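S.K.: this one's structure only:
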């Protein structure tokens, strides 16, 4: 439905909540100062109680719907919510889903009739939207509202796209400074620790921040804020020593002037994943940044890169997350691509090149000191592994998480589990087998894939295809950027220099040729150790057993995302690997065959079949697009977005961390070890989940107008894919799809800078080619 008629009157029924329900809802809006509420002289408090009790309201002559005056409802917020919940929310969770047993109909008074005439709101989706809108109206203190019907029947694709863009990103945005320190330092994982008071750790080389937070602690003694300065050298022993005093790690701050003209420090904002993950996370942030950039939030994505550069400068790595117990652990590295994408959006700014230089210098430091250094670098293969330092038992897990593992050791030493944990962590008890177990456990968590049978008990020994694809991308990105933007000569400044590493000595010069050689060497080593020609896939390599581990993982497509695969290898991946992972709702993280049967002694793992995750989808889409497999990318995107949209429609607007890509009805239900994030809300979902939000916004850019119409009608993938052109409109009518519209430039694909390639071709781009000329190579048969 077109909304031009509303816009002509200065009223947009799909405006953001702060506009729709905020001050502007009551105090004028249109170009003529027209009020947004029904009453022109006072807040509306219900329809006339009888025919003689008239109120000063503007009435329409008839109460019929038309596109020139779409239907609106007069609503008493609390009364309507009580009536809606009592009849429709039969399970009492303040969500209206297809599992509720209500009549699925509620009548509302229309605005044109002053509330006398009634119109039925029907169906799970519209009623769920009504409860969501009423909840938001209460947030803004509204007792009575005029509500547009269009807000209840909005196309679900348009609604979710709008919510992510105008509400969810803001709901997930955080910053660290004195204005919010009480909130951001809260950590549910720390509440069971001996000293759970609010605490912030400040880097040794950030004296201004130390003084700032000490001042905050002094000015607000009720906070009981503990401000701790970190030592200059942070190792595994130090990290373990503060496990009983967990705290937040300070992030980047900028100088600004407050409303009184006084200079102060303010934290650079960042977006958190959501749910129980309330910090700046590593690879989540890269995925989130893709959505932010797509939604015009380049400054927020830029701020997150600035925070990552701060982490590398002061903590030595991009952290798993900015909590003290993560000081020795990183996550999959995406900084170069993240910085490039931000730079492409801000290159018109005066300091854009400085931003790019700092980002690349930080990535170079991270490359050498984290991924190409002990213990992660394997000199025998020349490849890298997830293998973080660490001592003892990870403190951030649930109290009973390791009980089944620790119980035999506790019994062996005639101790309770709690007593054994203390003795083991303090080194009183030595158990080499347990040391090995936790080495791999920490590595799994650093990989971001916690947990999966692919990595269990072996992760720290594996040169994985995902990590080495990412490092290949670092090498090619850095080579290209040094050549294109820094005159083939990038000097290492003092703040990014590291004694003992020749390439990071103060004044050392990085050149594009040296980085290109590193990329070429890594590609040769990956082909030698990780590529399996007979099976047509990449596999992880066990650097201890010196053999491939043939566990099938969707991370094989990261090689295409990074541009690492040859045209022939890409063709093999599409023909052989893709069918193994493609399910109803997109790519599964692994195959059922590799996972094997489950049982009491082998429970489900969340990064295994049948679960799908947003990062695997997005990286595969980009990889397929990069090599010209556009139809495959679009098909996978439709599958993933269909699943998200179907759950959104049927289950009260839910958007969660991960999905079961094999379930046609309730894919958001995940029974793996950690359950799911994004389910715990009352009335309305306010955040979604970071990387799923991003995947929805990015996925839409891959779909044309027909696919978006089908998606809005929740047409199952197979039905949509198999429909002929002649049958397409019949299918759309059958599912109640919106009418066709003319294609617009909003359908463009952000991942293709030039002309689209035909399937079964690959893009081989010379990183030194300033003219951005693309050579198209057809894979061998």
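M.R.: Everything's here; your move. Because the structure is a prediction, the values reported are computed rather than measured.

S.K.: now the strands for the stretch 401-550 of the chain?
M.R.: 462-463, 490-491, 509-510, 531-532, 537-538, 540-542, 547-549 (DSSP state E, counting those that start in this stretch).

S.K.: of those strands, which approaches residue 699 most closely?
M.R.: strand 537-538 (24.5 Å; C-beta to C-beta). Where C-beta positions appear, they are placed from N, C-alpha and C, glycine not excepted.

S.K.: which residues are contacting that closest one?
M.R.: Contacts to strand 537-538, defined as C-beta atoms under 8 Å, 6 or more residues apart in numbering, come from residues 465, 526, 530-532, 552, 556, 559, 572-573, 576-577.

S.K.: how about 10 Å then?
M.R.: Strand 537-538 has contacts (C-beta atoms under 10 Å, 6 or more residues apart in numbering) with 464-466, 468-469, 526-527, 529-532, 548, 550, 552-553, 555-559, 564-565, 569, 572-573, 576-577, 580.

S.K.: Please compute how far it lies from its chain's middle.
M.R.: Centroid separation between strand 537-538 and its chain, computed with C-alpha atoms, centre = their mean, to the nearest Å, is 26 Å.

S.K.: do the same with stretch 471-481
M.R.: Remark: stretch 471-481 is offset 24 Å from the chain centroid, using C-alpha atoms, centre = their mean.

S.K.: swap in stretch 405-419?
M.R.: Relative to the chain's own centre, stretch 405-419 is displaced by 39 Å; criterion: C-alpha atoms, centre = their mean.

S.K.: can you give me the mean pLDDT across it?
M.R.: In this model, stretch 405-419 has a mean pLDDT of 95.

S.K.: what does that stretch rub up against?
M.R.: Identification of contacts with stretch 405-419 by C-beta under 10 Å, 6+ apart yields 393, 399-400, 402-404, 420-424, 428-429, 431, 433-434, 437-438, 441.

S.K.: Return the backbone torsion pair for residue 70.
M.R.: With angles defined as degrees, to the nearest 10, residue 70 sits at phi -60, psi 160.

S.K.: Please tell me I have it right and it contacts residue 150.
M.R.: Yes - Residue 70 is within contact range of residue 150, at 5.9 Å (criterion: C-beta atoms under 10 Å).

S.K.: Can you give the distance of stretch 312-331 from its chain's centre?
M.R.: Its chain's C-alpha centre and that of stretch 312-331 lie 19 Å apart, by C-alpha atoms, centre = their mean.

S.K.: Contacts only, for residue 263.
M.R.: Under the criterion of C-beta under 10 Å, 6+ apart, the contact list for residue 263 reads 255-257.

S.K.: Identify those among these that sit within helices.
M.R.: Judged by DSSP state H, helices contain none of these.

S.K.: Quick check: which of the residues you listed has the minimum pLDDT.
M.R.: residue 257 (89).

S.K.: and that residue, bridged to which residues?
M.R.: Under DSSP bridges, the beta-bridge partners of residue 257 are residue 263.

S.K.: Now do it: how many residues are near it, please.
M.R.: Residue 257 has 10 neighbours, counted by other C-beta atoms under 10 Å.

S.K.: does it really touch residue 265, like I thought?
M.R.: No - when contacts are counted by C-beta under 10 Å, residue 257 is not listed as touching residue 265 (11.2 Å).

S.K.: For the residue sitting nearest the centre point of the chain, which three-state class applies?
M.R.: With distances taken as C-alpha atoms, centre = their mean, residue 691 lies nearest the centre of the chain, 1.8 Å away. On the three-state scheme (DSSP: H, G, I helix; E, B strand; the rest coil), residue 691 is labelled helix.

S.K.: low pLDDT regions in this protein?
M.R.: Residue ranges of the chain with pLDDT under 70: 1-10, 23-68, 741-781.

S.K.: distance of the closest residue to residue 555 other than its chain neighbours from residue 333?
M.R.: Distance criterion C-beta to C-beta, 6 or more residues apart in numbering; nearest residue to residue 555, sequence neighbours excluded, is residue 466 at 3.9 Å. When distance is defined by C-beta to C-beta, to the nearest Å, residue 466 is 10 Å away from residue 333.

S.K.: Count the residues that sit near the closest residue to residue 475 other than its chain neighbours.
M.R.: Distances taken as C-beta to C-beta, 6+ apart put residue 519 closest to residue 475, at 3.7 Å, once the chain neighbours are dropped. Neighbour count for residue 519, taken as other C-beta under 10 Å: 23.

S.K.: quick revisit: wait, which of the contacts of residue 263 is closest to residue 662?
M.R.: Set against residue 662, the nearest of the contacts of residue 263 by C-beta to C-beta is residue 256 (49.9 Å).

S.K.: before we move on, which element is the nearest residue to the closest one once chain neighbours are set aside in?
M.R.: Leaving aside its chain neighbours, residue 256 sits nearest to residue 266 (4.9 Å; criterion: C-beta to C-beta, 6+ apart). Here residue 266 sits within strand 263-267, counting by DSSP states H and E.

S.K.: The helix or strand that that strand is followed by: partners in the sheet, and parallel or antiparallel?
M.R.: Downstream of strand 263-267, the next assigned helix or strand under DSSP H and E is strand 270-271. Using DSSP bridges, the strands paired with strand 270-271 in its sheet are strand 173-174 (antiparallel).
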